[in-house]
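K.L.:
This is the structure alone, sequence omitted:
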């Protein structure tokens, strides 16, 4: 067995959030990191560029966390992963959070000035501590992509995206306490009890076991 597993992280967050994931023998971990989008770059173009990091000459799996799952599903328009794994995100139109629907309706991303996306470190730390229970050390370690260009682009993409791709062999891991994508709206999932949006960090052992079971399932 020689299987590459490609991981795509959530908005603003680097792939160190996957460091505690231990794959079965024969599976190799690969990280696909975000980059600052070019001016007027579409989601399709961005996805194509990120996919250049995937070796399609051999079987592979893609794991997308939060916004990374959107990129993963978009990749299925032109790639055929052996398996697709969604973690803490959405995969169907009826799973879109109501807050996202409201933001799309009022065209939030169009009216919010780019300069307002410049993240003040103290504010971002406080938000992460209150919402995600992150320490300042965690913020420094995991939150890497906060430029106004990236923030405005990513916010617009995630708010305006509608799931439309039928992904082959799709699996979904979700926590019952997710603060971004409410569990009650999610269906057909591997449930992580008491798991929140950062369960990759605070429930890594449980997530790891479920992911390994998915990978080894025939």
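P.N.:
Looks like it came in fine. Computed from a prediction, not measured in an experiment: that's the story for all the values here.
K.L.:
need the helices for this protein, in chain order.
P.N.:
With DSSP state H, the ranges of helices along the chain come out as 43-51, 67-75, 98-105, 108-111, 121-131, 136-142, 148-160, 199-202, 204-216.
K.L.:
between these, which one is nearest to residue 21?
P.N.:
Distances from residue 21 to each of the helices of the chain were compared by CB to CB, and the smallest falls on helix 204-216, at 5.5 Å. Heads up, the C-betas are built off the backbone N, CA and C, glycines and all.
K.L.:
Give me the buried positions along the closest one.
P.N.:
With burial defined by 16 or more other CB atoms under 10 Å, the residues of helix 204-216 counted as buried are 204, 206-208, 210-211, 214-215.
K.L.:
Mind putting those into CSV with distance to residue 81?
P.N.:
Shown next, in CSV, are these (distance: CB to CB, whole Å):
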residue, distance to residue 81
204, 23
206, 24
207, 19
208, 20
210, 18
211, 14
214, 12
215, 12
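K.L.:
Tell me how many other residues surround residue 141.
P.N.:
16 (other CB atoms under 10 Å).
K.L.:
tell me the pLDDT at the residue nearest to it when sequence neighbours are not counted?
P.N.:
Setting aside the residues directly before and after it, residue 141 is nearest to residue 16 in space (CB to CB, 6 or more residues apart in numbering), at 6.1 Å. The pLDDT attached to residue 16 in the predicted structure is 96.
K.L.:
Residue 10 now?
P.N.:
The model reports residue 10 with a pLDDT of 93.
K.L.:
if I look at it, how far off is residue 66?
P.N.:
3 Å (CB to CB, to the nearest Å).
K.L.:
go on, residue 97?
P.N.:
Distance, residue 97 to residue 66, using CB to CB: 12 Å.
K.L.:
neighbour-wise, which of those two wins?
P.N.:
When residue 97 is set against residue 66 and neighbours are counted by other CB under 10 Å, the residue ahead is residue 66, at 25 against 17.
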